[in-house]
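starting from these lines, generate the structure:
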Amino acid sequence: MELAKAMVLATAFLFWSANQLWPKLPQASLFNDVAIGLFVLDAFLAIAGRPPAARVSFFPESSRGAGRCGGGCGCARCNG
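Numbers count the residues shown, from 1 in each chain. I've put the predicted structure just below:
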């Protein structure tokens, strides 16, 4: 999978460089569109290939039930 992602990224850079080298060719805008599409595909593959992150909640009471303390809030349970 890593080899495929590297090939997608290398191909995107090749299309982008072709667009930069030959801007007056009729295909230059096509080269640019293909490069952008491949960069977007690479970004999607990078995001989709990430391991799932630990579930983080900024509001402990919403995920653990009302009245339960998540720690560090300053209540009597945390302070005492």
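
which strands and helices lie in contact with the helix or strand where A10 lies?
Using DSSP states H and E, A10 sits in helix 2-21. In this structure, helix 2-21 packs against helix 28-48, with contacts taken as 3 or more CB pairs under 8 Å, 6 or more residues apart in numbering; DSSP states H and E. The way it works is simple: take the backbone N, C-alpha and C, and place the C-beta from them, glycine included.

gap between the two ends of stretch 21-37?
End-to-end span of stretch 21-37 (CA to CA, to the nearest Å): 19 Å.

report the buried residues of it.
31-32, 34-35 (16 or more other CB atoms under 10 Å).

how about the residues you listed in TSV, adding distance to A10?
Converted to TSV, the buried residues of stretch 21-37 look like this (distance: CB to CB, whole Å):
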residue	distance to A10
F31	15
N32	17
V34	13
A35	11
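
what's the farthest-apart pair in these?
N32 and V34 (7.4 Å; CB to CB).

can you check which residues contact both of the two?
F15 (CB atoms under 8 Å, 6 or more residues apart in numbering).

what mean pLDDT does stretch 40-55 get?
For stretch 40-55, the mean pLDDT works out to 81.

begin at 822 from now on, thanks
Noted, 822 is the first residue going forward, which turns the last one into stretch 861-876.
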